[in-house]
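Novice: got a sequence here, can you build the structure:
(chains A and B)
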Amino acid sequence: MTPRALLLLVVLLTPVTPAAPQSIRITGTTSLRYIELRPLLRDSVPLDATEGSQLLRQLPDGRVVRCVPGEGYCHLTRAGSRTSTIPVIHDLEASAWGLGRGLQLFGHVRGRSALGGGRDLWPRADAPLELMALYGEWQRERLHVRAGRQWRTSGLGFYNFDGVAAAVRATPALWLELYGGRSLLRGISDARSGAALESIEPLAPARSGVLAGVQARYRPNRRLALGALYQLDVRDDRRGLYSELAIVDGALAIGRGSLESSVEVDLAAADLNQARLQFRSPPLGRFVLSAAARRYRPYFELWTIWGAFSPVGFDEVRTGLTWTDRQGRLVLRGDASYRDYGSEELDAAGAGLRDDGWGIGTSVNWTPAGAWRVDGAYRVEAGFGAARWDLSAGIQRDFGDAGTIAMQSLVFQRLYEFRLEEGTVAGFGAEASRQVNDRIALFAGVMVYRHLNGGASQSIDWNQRRASFRAQWTVGAEPGVSRGTRGAR
Amino acid sequence: MMRLRSVLLVAAFTSLAGAGASIASQQAPRRFPHQQHERLFPVCEGCHAGVLDGVSEERYPRPADCAECHDGTRKRRVNWQPPGPRASNLLFTHASHREATDRAGEVPPCQSCHSVDAEATRMDVGAPQPERCLECHAHRNPIHLSSEAACRQCHVPLAGATRLTSARIASFPRPPWHDSADFPFTHGREEAPRAASCAVCHARETCDRCHANADRVPLIAALTPDARVAELEKGRGPAYPVPASHGDASWTETHGTGARSAPESCANCHTQPSCLGCHGDGTGVARRAIGALPAATSRATGVSASRMARTPHASDIAERHGSLAATGKPECTQCHASRFCSSCHMGSDSRAFHAANYVERHAVDVFTARADCQTCHNTERFCRDCHTQTGVASQGRMNAAFHNAQPSWVLSHGQAARAGLEACASCHRQSDCTRCHSAAGGWGVNPHGRDFAASRRSARASATCRLCHLGNPGGGP
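Specialist: Sure thing, here's the model as predicted:
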């Protein structure tokens, strides 16, 4: 965030504090994480220190190295020295209202800093201060207008922009919304042509973008709900598009069951990015059955060349079964999925990789007494590119308004992507939350991980410790809540 | 010597204890030993003539009457005193009972109520038990503390039993049906005549403890405040058990209907803060229902907001919520501020959304598109930043050692790239690929698939085409 924007925030919020009917609420969140890891390093060894005669050879300890013909040495990756960092994130959010009927202001500033040697390990460490949002909002029964730096979450994902959004309730069943403005990098308060992207991508777009969209939501009755969204992101010189997307959603209640669907289309490339149909049955005795079908194709914005590489997606079916006991204290779930890449395009580029995948999972949630909760889960995923199984278990004690304390453990194994290597990691830790009073809440957690089959034959070392701490405080009024009661999230 | 001292000590202690007991027995009023006087007093009225006549001075004999025999010569002196007026919440009086039985022509003997049991002799008497009344009186329920009992038939309301102490009230027997699991949810449904029974043991303060809406509930408002009950309830917190209906998986989505049509039912346990914990500032569709709830009081807080917040959507809501939010079913803003969405969707610095050590585990979710990373993260920046710092990313190298599953990865990476391009882009810059896949500065290896819509794409983003092609292959400007 620029100093000018920060000044604007202060100016906007300052006048609202003195007058009695006006109110302001400020929420601050500070989170610290301790992260420890050993980054991968590229290294080389003399050719005569390896065994074998192919491009891929082995060291005596089992590590695979890549040897280039004609060179006297071979390449490998190995774990570097242990490094750690403590990224510190400060969020400050302020809401002000009572400025006029239905009028309010909202601002959100994020500060970043880091302790420890590996400061750059955490993304965006180079942005010490960022204005995430700053907008004014005017709400009436059937009209809602927001202007300033803001964001939208929709089926297309998260988009932030500097501009205006206006929503109107055309009929009791129909909402229409228009929005537009200067588009920002997704999740980053910087223009497309700004330094945030340029620093890591030499072929970053040279021009800013203009975002425009229209959305309709229609609920003709209590059972059916429909939504449609069209969104366009245009270069500010109007010499091309960054994206042109549309999505249609539907949700239908069938008794106590539901049927939901979503179709997302990249209009610029005439590709169906994602189509999803999901069914959840009404309770069948103590069982609930779910089933889903999905077609997925990766989506890339038009300023990248990735879309020109004709990416291949997959079709997937998934089914699940949930059983709940009479008191609702014990819930068992199981699910299975299968996906098929089945593309001639993929076969043509074949390198012997599998073109399907599957996954199964099961979980249990048990609440033996009101204050206790026990969870466990097991999942296996296998397929093109990566595979993993993991097992986790946890127990939590709830102290009501005072907070919670929990312990958790996990074991997982994964195959590394396109590498002749795998790792099994076990972790154990605890976390706690404490609601000090209506205005202050604290959260803390610590986990220790051990790489069970690590050692000399492994180039990746996942032995590590992690810790996190978060403090959240609120000052000022809570809208609609009498003094001393807890406010809205 | 030592032994003698011990004997003297014990003797002295015993003497003192005996003397103390003697003094106490003379001073404390003793219960009259009726059975010892059975042959002396042939009829009850000899001593208790005033009981049936309602003359309080003659309900018991005078101490002087005892002293006629217990004069210290013929019989040892006694210190018996008649008991004072008895604190009771009974409607019953002996006088009215006699009047009624006289009219009926069936005067029961005293023993019919006061004998300790069926085998007792005439003077083996005690306080009557409620069950004895039921031996003669027709009553639809033969059990004293049953849920069917009409308490007011025999008892006065607590407010009328002014002589009862708070300790005595606290010792009232608890009807067993008050301990049933559904009692907290059904006790307010009593019809008015039966609800009057509540007033025999309870006052308004009993209900105030949990019901923040006490002044709006006629049954509670009809109860009289009582300082003794207030004293007993002091320091006891409210209790809000969870009704079975609230455990339904769809409760979060369906509770609004009941809340709007009968908010007074919710108000028995909930106050406005209960709802505002989820429903933001109380605007929107829920406004009217929330407005119908009482504010929290210093005693009856209502179910806490934090407890409400822990009964969220079904467990698969994280995967399902996209379509629901897009269609407005349910309308998310009824419960969530828009900040709630961005706290996850704003990506890298937000609150914990993923499972523990997701950094190590996330790769599979990327390949299976189980987690649509780019709905929250700026994948160009976020993924590549981290992969570069952790050494996973390789940029600008043709002989990368990371992908060692294939002897010659560069020549055979096509299938992996087609099906996992998002993963490739999380490490590699575009310029890594254009070194080969460019018609302008690379080796001219064509990356386009057979169905690639070149002209459509160039019409919309010709600048991207020029990253690899000298002119616009689509023929545009």
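Novice: how about the helices in the stretch 251-400 of chain B?
Specialist: B:251-261, B:263-266, B:272-276, B:287-291, B:305-309, B:317-327, B:338-345, B:358-367, B:379-389 (DSSP state H, counting those that start in this stretch).
Novice: and the fourth one, what's buried?
Specialist: Residues of helix B:287-291 classed as buried under the neighbour-count rule (16 or more other C-beta atoms under 10 Å in any protein chain shown) are B:289-290. From N, CA and C alone the C-beta is placed, and that goes for glycine too.
Novice: which other helices and strands does that helix contact?
Specialist: Here helix B:287-291 touches helix B:251-261, helix B:263-266, helix B:272-276, going by 3 or more C-beta pairs under 8 Å, 6 or more residues apart in numbering or on different chains; DSSP states H and E.
Novice: CA atoms only for the last one, dumped as PDB, please.
Specialist: Right, the one you point to is helix B:272-276. What follows is helix B:272-276, C-alpha atoms only, in PDB (Å, rounded to 0.1, in the frame of the first residue of the first chain):
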ATOM      1  CA  GLN B 272     -30.100 -11.600  20.200                       C
ATOM      2  CA  PRO B 273     -26.400 -12.200  20.700                       C
ATOM      3  CA  SER B 274     -27.000 -15.900  20.000                       C
ATOM      4  CA  CYS B 275     -28.000 -15.100  16.500                       C
ATOM      5  CA  LEU B 276     -25.700 -12.200  15.900                       C
END
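Novice: how many neighbours does residue B:134 have?
Specialist: 15 (other C-beta atoms under 10 Å in any protein chain shown).
Novice: excluding covalently adjacent residues, which one is nearest to residue B:425?
Specialist: Counting by C-beta to C-beta, 6 or more residues apart in numbering or on different chains, residue B:425 lies nearest to residue A:306, which is 5.5 Å off, once chain neighbours are set aside.
Novice: wait, doesn't that neighbour sit right on residue B:423?
Specialist: No: contact status for residue A:306 versus residue B:423: not in contact, 11.2 Å apart, counting by C-beta atoms under 8 Å.
Novice: ok, back up a step: figure out which of the helices of the stretch 251-400 of chain B is closest to residue A:429.
Specialist: In terms of C-beta to C-beta, the element of these nearest to residue A:429 is helix B:358-367, at 13.9 Å.
Novice: does residue A:65 belong to a helix or a strand, and which?
Specialist: Element membership for residue A:65, per DSSP states H and E: strand A:64-67.
Novice: residues contacting that strand, please?
Specialist: A:45, A:47, A:50, A:54-59, A:73-76, A:420-421, B:399, B:401, B:404 (C-beta atoms under 8 Å, 6 or more residues apart in numbering or on different chains).
Novice: 6 Å - rerun?
Specialist: Identification of contacts with strand A:64-67 by C-beta atoms under 6 Å, 6 or more residues apart in numbering or on different chains yields A:50, A:55-58, A:74-76, A:420, B:401, B:404.
Novice: tell me the most packed of those residues, by neighbour count.
Specialist: Going by other C-beta under 10 Å, residue A:74 tops the contacts of strand A:64-67 with 26 neighbours.
Novice: what pLDDT does the model give the residue nearest to residue B:175 when sequence neighbours are not counted?
Specialist: Of all residues not flanking residue B:175 in the chain, residue B:145 sits nearest, at 4.1 Å (C-beta to C-beta, 6+ apart). The model reports residue B:145 with a pLDDT of 83.
Novice: cool, residue B:407 as well?
Specialist: Residue B:407 is given a pLDDT of 73.
Novice: returning to that earlier point: so the residue nearest to residue B:425 makes contact with residue A:269?
Specialist: No: Residue A:306 lies out of contact with residue A:269 (C-beta atoms under 6 Å); the separation is 11.0 Å.
Novice: quick check, nearest of the contacts of strand A:64-67 to residue B:171?
Specialist: residue A:420 (79.3 Å).
Novice: you'd agree the closest one is in a helix?
Specialist: No: counting by DSSP: H, G, I helix; E, B strand; the rest coil, residue A:420 is not found in a helix; it is coil.
Novice: chain neighbours aside, what residue packs nearest to it?
Specialist: residue A:64 (5.0 Å).
Novice: what residues are bridge-paired with the one you found?
Specialist: residue A:58 (DSSP bridges).
Novice: count of residues packed around residue 154?
Specialist: The chain I'm using is chain A. Neighbour tally, residue A:154, other C-beta under 10 Å: 22.
Novice: should've been chain B
Specialist: 18.
Novice: next one: residue A:79
Specialist: Neighbours around residue A:79, by other C-beta under 10 Å: 19.
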